[in-house]
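Student: Whatever this is, show me its structure:
(2 chains)
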Amino acid sequence: LAKTTQPISMDSYEGQEVNITCSHNNIATNDYITWYQQFPSQGPRFIIQGYKTKVTNEVASLFIPADRKSSTLSLPRVSLSDTAVYYCLVGDPGNTPLVFGKGTRLSVIA
Amino acid sequence: DVKVTQSSRYLVKRTGEKVFLECVQDMDHENMFWYRQDPGLGLRLIYFSYDVKMKEKGDIPEGYSVSREKKERFSLILESASTNQTSMYLCASGLSPLHFGNGTRLTVT
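Tutor: Below is the predicted model of the structure:
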């Protein structure tokens, strides 16, 4: 399973765009990149998944360069309610359980 | 919406007790998982199951067992609880994406 590296924590002001980058140098051909969000006292919640280029949904965008060795989760105009831990996972989602790392703790400040 | 329900939000047990953590999902998922989450360690996979009566060890199965008698229910069993099993336990179903319950915070005293 591809190992991921992401910052331990980030701070942002309300209304700013936040970009969280994840490195996954040994990503395999069949691997997808998946991001989850976890609020305190709750289980993680799926945000977005992609294989290459760009994926956008109502919550976030995911940018994946051509070499796929990294990816960036972009949260537009964050609010206080976006304060959470964000996990980047890499793996073949149809095959094996994905491995959660320690995530990035995002703190949004008013 | 997928619902994954964990039977207890908080649980306090004594050392040596047998503990059952129950998880039920309502989406007919074949795959179910048990994780534990500890500060600084993230989520670690204990056991998972791809089908009824099937189970696979995850990264940290020692001290735990599981039961999957029905598709919708996946139970985590601590045969003899110890203080180092004090943790947040999270159940999930599906695969891509995973759907999590809200967790059971277990304290073993």
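
Student: what are the ranges of the strands in the chain?
Tutor: Here I'm looking at chain A. For chain A, strands defined by DSSP state E occupy the ranges A:9-13, A:18-23, A:32-38, A:45-50, A:53-56, A:61-64, A:70-75, A:84-91, A:104-109.

Student: not what I meant, chain B
Tutor: B:4-6, B:10-13, B:19-25, B:32-38, B:42-49, B:56-57, B:64-70, B:73-78, B:87-94, B:98-100, B:104-108.

Student: closest to chain A out of those strands?
Tutor: strand B:98-100 (2.7 Å; CB to the nearest CB). Using the backbone N, CA and C atoms, a C-beta is placed for each residue, glycine as well.

Student: Now for the nearest residue to B:Thr107 once chain neighbours are set aside: which residues touch it?
Tutor: Nearest residue to B:Thr107, sequence neighbours excluded (CB to CB, 6 or more residues apart in numbering or on different chains): B:Val12, at 4.8 Å. Each residue near B:Val12 by CB atoms under 8 Å, 6 or more residues apart in numbering or on different chains is listed here: B:106-109.

Student: Likewise for A:Val85?
Tutor: A:Val85 neighbours (CB under 8 Å, 6+ apart): A:37-38, A:103-106.

Student: Pairing partners for the residue most central in space within chain B in the sheet, please.
Tutor: In chain B, the centroid-proximal residue (CA atoms, centre = their mean) is B:Trp34; its distance is 3.4 Å. Counting by DSSP bridges, B:Trp34 is bridged to B:Tyr47, B:Cys91.

Student: got a pLDDT number for B:Asp38?
Tutor: pLDDT for B:Asp38: 93.

Student: swap in A:Thr96?
Tutor: Per the predicted model, pLDDT is 69 at A:Thr96.

Student: Also A:Leu1?
Tutor: In this prediction, A:Leu1 carries a pLDDT score of 56.

Student: picking that back up, mind putting the strands of chain B into CSV with distance to A:Asp67?
Tutor: Below are the strands of chain B laid out as CSV (distance: least, CB to CB, whole Å):
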stretch, distance to A:Asp67
strand B:4-6, 36
strand B:10-13, 46
strand B:19-25, 37
strand B:32-38, 31
strand B:42-49, 26
strand B:56-57, 32
strand B:64-70, 39
strand B:73-78, 38
strand B:87-94, 29
strand B:98-100, 27
strand B:104-108, 41
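
Student: The ones you listed: which one's closest to A:Asn25?
Tutor: strand B:42-49 (19.4 Å; CB to CB).

Student: what does that closest one rub up against?
Tutor: Identification of contacts with strand B:42-49 by CB under 8 Å, 6+ apart yields A:44, A:87, A:97, A:99-103, B:31-38, B:55-61, B:64-66, B:68, B:74, B:76, B:90.

Student: Any idea how far that strand is from the middle of the chain?
Tutor: 8 Å (CA atoms, centre = their mean, to the nearest Å).

Student: Same check on stretch B:25-35?
Tutor: Averaging C-alpha positions (CA atoms, centre = their mean) puts stretch B:25-35 10 Å from its chain's average.

Student: For that stretch, the averaged confidence score.
Tutor: Averaging pLDDT along stretch B:25-35 yields 94.

Student: For it, measure first residue to last.
Tutor: 15 Å (CA to CA, to the nearest Å).
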